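Asker: next input, structure requested:
(chains A, B, C and D)
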Protein chains: 2
Amino acid sequence: MALCDGLRGAALAALHDIGRRRRLSAGQAFGWSGDPASHCANLVSGVLKVSRVEADGGVQIVGLLYPGDFVGMLFAERSVDTIAALSDADLCVYPRVALEALLVRHPAAGRLLLRRTMATLGEVRRWMPMLARARAEARIAALLVDMARRGEVARDEAFHLPLSRAAMAEALGLAVETVSRHMTAFQQDGLIALSGLRGVRLLDPVRLAQIAG
Amino acid sequence: MALCDGLRGAALAALHDIGRRRRLSAGQAFGWSGDPASHCANLVSGVLKVSRVEADGGVQIVGLLYPGDFVGMLFAERSVDTIAALSDADLCVYPRVALEALLVRHPAAGRLLLRRTMATLGEVRRWMPMLARARAEARIAALLVDMARRGEVARDEAFHLPLSRAAMAEALGLAVETVSRHMTAFQQDGLIALSGLRGVRLLDPVRLAQIAG
DNA sequence: CCGCCGCCTTGACCATCGACAAAGCCCGGT
DNA sequence: ACCGGGCTTTGTCGATGGTCAAGGCGGCGG
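Answerer: Coordinates of the predicted model:
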């Protein structure tokens, strides 16, 4: 989508030439930290997580990818990130070197990718104040609002959380227990309704957004 | 440097055509959050900070720019970040629209910028685990090591901190007092030597890197 | 339908860090 | 050399969130 949508004619055809469809099932990895970064991809459906493992063994999720997002890093010989599917997912996979070569022949593809990468950089920076300064309550509220937005959930509609409590904790830099406690508190305060382990509905998105800051 | 170094011939000439030299003195802003994002630049000398102001009034530094770094965001009508000089700085300033147009005529410039933006994204993500999970001690050690590295400081050489204690706190998501306390502790433990308010020397960079994790 | 495993919740305790307050020091201007 | 303002340091206290520990529950497979 990201690449495909914005391109026409020869560039699009060339992209299809080097691309290959791949389906990931929930939990399956697309690439591991330290592997040669041989492939990039375009996420067609599903949700992926991009995470880094620290020296102390802790895991930090540094990005969540939704349909249309670009997967992987260009111009890097080795991958620093581990990428895995949070739900079943469909990808268009491209050999990294072939994609880099394509950018030379089809500059429009390069500009599109530059535009998206700039946007991604802005998104990541949007999370930095959250992770660095915000209280647990605000981080969790922000994540809920963000997941609803990026999952294109209609207002007041229940949706399926792509992240387990443990994954939410990894994304927000919190302990699992802290996430659980605040989720329970949100429910008791009538801000959200939980159904089963993964189902959630934002009862008061406005107030949640306020709490998120 | 970033752009200039990697380009040749016509592209380089075109870049010089639309560029203009500008000098910022320490503390001076290059652009404010909310302003129309009319200009980008290439940092020639000095250090800049990229920061965001939160709803609660708190400030988070989301990036530090060193010579050679690209300044600003392409494809955004309005700037979300406030950019200011931490030291006297020299820039090559380009009108944003003209630079975007140049990328169409000179694809090599676009690829170079894409490569650097990808690298920047990786750098920013490298800080996320730090900000989200690491203790104050580790964050400060990491910042010291990083400043020495990016400032191209020779091993065991004293250097001038580009950041005040307050700016360090803003970059790390800590209170000024916490930064001060740990800096003092590092000094007492023989890890660093402080001279004046801004002078510092890393006496045990290896151990500092270990503390950083 | 039942049982089990893994995820989630809840509780108690404690370390770390932020807030507030006050004192000290560096540095530039006079 | 003196002085003043701002930055920095130091102290105290309380709250937030991590850790450890135990218990509950949902969902899947048999």
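
Asker: in chain A, what residue spans correspond to helices?
Answerer: A:2-6, A:9-18, A:96-105, A:107-133, A:136-150, A:165-172, A:176-188, A:205-212 (DSSP state H).

Asker: now the residue nearest the centre of chain A. Nearest residue, chain neighbours left out?
Answerer: By CA atoms, centre = their mean, chain A has its centre lying nearest to A:Leu64, at 1.5 Å. Counting by CB to CB, 6 or more residues apart in numbering or on different chains, the nearest residue to A:Leu64 once its immediate chain neighbours are dropped is A:Lys49, at 5.9 Å. No exception for glycine: its C-beta is placed from N, CA and C like everyone else's.

Asker: and what of A:Phe186?
Answerer: Per CB to CB, 6+ apart, closest to A:Phe186 is A:Ile192, 4.7 Å.

Asker: repeat for A:Leu99
Answerer: A:Cys40 (5.6 Å).

Asker: again, but for A:Leu197
Answerer: A:Ser164 (7.8 Å).

Asker: related to what we said a few turns ago, can I get the helices of chain A in TSV including mean pLDDT?
Answerer: Output for these, formatted as TSV (pLDDT from 0 to 100):
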stretch	mean pLDDT
helix A:2-6	72
helix A:9-18	88
helix A:96-105	96
helix A:107-133	96
helix A:136-150	97
helix A:165-172	98
helix A:176-188	97
helix A:205-212	96
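
Asker: for B:Ala14, find the nearest of those.
Answerer: Of all the helices of chain A, helix A:107-133 sits nearest to B:Ala14, with 14.7 Å by CB to CB.

Asker: now do the closest one against helix B:107-133, angle only.
Answerer: Regarding helix A:107-133 and helix B:107-133, their directions subtend 20 degrees when assessed with axes from the mean of the first three to the mean of the last three CA atoms, to 10 degrees.

Asker: burial count for A:His182?
Answerer: Neighbour count of A:His182, defined by other CB atoms under 10 Å in any protein chain shown: 21.

Asker: test my guess that it contacts A:Arg135.
Answerer: No - judged on CB atoms under 8 Å, A:His182 makes no contact with A:Arg135 at a distance of 9.4 Å.

Asker: and the residue nearest to A:Leu197, what pLDDT?
Answerer: On pLDDT, A:Ser164 comes in at 97.

Asker: and for it, the neighbour number?
Answerer: 14.

Asker: ok, A:Met130 - contacts?
Answerer: Counting by CB atoms under 8 Å, 6 or more residues apart in numbering or on different chains, A:Met130 touches A:Ala138, A:Arg139, A:Ala142, A:Leu172, A:Ala212, A:Gly213.

Asker: nearest to A:Gly196, of these?
Answerer: A:Leu172 (21.4 Å).

Asker: if I look at that closest one, how far off is A:Gln188?
Answerer: 20 Å (CB to CB, to the nearest Å).

Asker: what's the domain layout of chain A?
Answerer: As assigned by automatic domain parsing, chain A contains the domains A:2-131, A:135-212.

Asker: I figured A:Asn42 hits A:Asp5, correct?
Answerer: No - in this structure A:Asn42 lies outside contact range of A:Asp5 using CB under 8 Å: 9.8 Å.

Asker: what's the overlap in contacts for those two?
Answerer: A:Gly68.

Asker: more neighbours: which of these two?
Answerer: Under the criterion of other CB under 10 Å, the comparison of A:Asn42 against A:Asp5 puts A:Asn42 first, with 23 against 10.

Asker: ok, now how distant is that one from A:Leu3?
Answerer: A:Asn42 is 5 Å from A:Leu3, by CB to CB.

Asker: can you list the residues of chain A near DNA strand D?
Answerer: Contacts of chain A with DNA strand D, taken as CB under 7 Å from any atom of the strand, map to A:Arg135, A:Ala136, A:Glu137, A:Gly173, A:Leu174, A:Ala175, A:Glu177, A:Thr178, A:Gly196, A:Leu197.

Asker: buried residues, stretch A:50-64. List them.
Answerer: By 16 or more other CB atoms under 10 Å in any protein chain shown, the buried positions in stretch A:50-64 come out as A:Val50, A:Ser51, A:Arg52, A:Val53, A:Val59, A:Gln60, A:Ile61, A:Val62, A:Gly63, A:Leu64.

Asker: and that stretch, how far from the chain's centre?
Answerer: How far stretch A:50-64 lies from its chain's middle: 13 Å, per CA atoms, centre = their mean, to the nearest Å.

Asker: try stretch A:72-80
Answerer: Worked out by CA atoms, centre = their mean, stretch A:72-80 lies 17 Å from the chain centre.

Asker: any idea how many residues pack against the residue lying closest to A:Ala119 once chain neighbours are set aside?
Answerer: Leaving out its chain neighbours, the residue that sits closest to A:Ala119 by CB to CB, 6+ apart is B:Phe75, at 7.5 Å. The tally of other residues near B:Phe75 (other CB under 10 Å) stands at 14.
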